[in-house]
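# Predicted model follows, preceded by the sequence.
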Amino acid sequence: MDSNLMILLAIGLTGLAVFLFLWGAYPAALIAEANAESEGKNVMGTARNILIRKAGMAQGKFLSASYREKMKWKFIAMGKPETRAEDFLVYQEIAAVFFTLFMLLLLNALKKPLYWSVFGGIFGFIYPFMWLREQIKKRQKKIVRALPYALDLLTLSVEAGLDFQAAIQTVVDKAKAGPLSEEFSLMLSEIRMGRTREESLRNMAKRIQVTAISSFVTNLIQADRMGTSLGKILRIQSTQMRIDRT
């Protein structure tokens, strides 16, 4: 059989497999679409998410627990904890098919061997990981940029007599909306639900995965354990961060 024909057949079968996965989820998507429409939500977005979710469920058994755990923390660092490894795999497959088909069209137009389209599929499968890494970096940069102002405000609030929780709430209320405010808010929610301050701080550092935040958290925990004035520790950190920026 002609090699080009074999490649086209393989791509066609891959596309058919993705289609069948999505088609199997179609009834659930229709129900979600109707519910979303009645609630005034984004109909297309809801239906699409259901399609992806159902398609991912069919493939979840192929993913190890360690891989799921690794990806879970990447999605948390991106600020999208609701994303699942199975869903991400579906996006990888869709991207692989798309880039393969694109390469086929391009190679055919250039009169080049079609087997090079395999590299398009490989790139398409890898590309979502590249995108994910960039999204994490963007969010981390926003957090690092917002930290100096938030730390100054936190320091002033504590020195004005507010306790730690009230000072953090002041930062959430007055600082510019963004990922750092979201993380502070989530940390407060954990404390109010009964977790200790240390545990909530460590969870925040683990979610964000930024050195500056890890240092901030470590210093606060050490201050708690040693009985050092929180205002004094915050002032030292705030001053040091101001020096680092100059």
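Now that the structure is in, tell me what you want to look at. Numbering: from 1, shown residues only.
# Break this structure into its domains for me.
As recorded under automatic domain parsing, the domains making up the chain are 3-138, 139-245.
# State the distance from residue 154 to residue 233.
Residue 154 sits 11 Å away from residue 233, taking Cβ to Cβ, to the nearest Å as the criterion. Every C-beta, even on glycine, is put in place using the N, C-alpha and C of the backbone.
# Name the residues of the one helix or strand residue 105 maps to that come out as buried.
Of the helices and strands defined by DSSP states H and E, residue 105 is found in helix 85-109. Within helix 85-109, the residues that qualify as buried by neighbour count (16 or more other Cβ atoms under 10 Å) are 85-97, 99-101, 103-104, 107.
# Counting by contacts, list what that helix packs against.
Helix 85-109 sits against helix 3-24, helix 43-57, helix 65-78, helix 117-159, with contacts defined as 3 or more Cβ pairs under 8 Å, 6 or more residues apart in numbering; DSSP states H and E.
# name the element the nearest residue to residue 75 once chain neighbours are set aside belongs to?
The spatially closest residue to residue 75, leaving aside those adjacent along the chain, is residue 83, at 4.2 Å (Cβ to Cβ, 6 or more residues apart in numbering). Element membership for residue 83, per DSSP H and E: none, as it lies in no helix or strand.
# re earlier: got CSV for the domains of the chain, with mean pLDDT too?
As requested, the domains of the chain are exported to CSV (pLDDT from 0 to 100):
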stretch, mean pLDDT
domain 3-138, 74
domain 139-245, 90
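# right, and residue 97 touches residue 120 too?
No. Under the criterion of Cβ atoms under 8 Å, residue 97 makes no contact with residue 120, lying 9.7 Å away.
# so how far is residue 162 from residue 227?
Using Cβ to Cβ, we find residue 227 at a distance of 19 Å from residue 162.
# Tell me which of the two has more neighbours.
residue 162 (16 against 6; other Cβ atoms under 10 Å).
# In contact with the residue nearest to that one when sequence neighbours are not counted, which residues?
Spatial nearest neighbour of residue 162, chain neighbours left out: residue 170 (6.6 Å); criterion: Cβ to Cβ, 6+ apart. Taking Cβ atoms under 8 Å, 6 or more residues apart in numbering as the definition of contact, the neighbours of residue 170 are 153, 154, 157, 162.
# Separate out the buried members of those.
A residue is treated as buried here by neighbour count (16+ other Cβ under 10 Å); on that basis the buried members of the contacts of residue 170 are 153, 154, 157, 162.
# need those in CSV with distance to residue 68, can you?
Conversion of the buried ones among the contacts of residue 170 to CSV gives the following (distance: Cβ to Cβ, whole Å):
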residue, distance to residue 68
153, 38
154, 35
157, 39
162, 40
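# which residues touch the most centrally placed residue in the chain?
With distances taken as Cα atoms, centre = their mean, the chain has residue 78 as the residue nearest its mean C-alpha position (2.4 Å). With Cβ under 8 Å, 6+ apart as the criterion, the residues that contact residue 78 are 132, 135, 136, 139.
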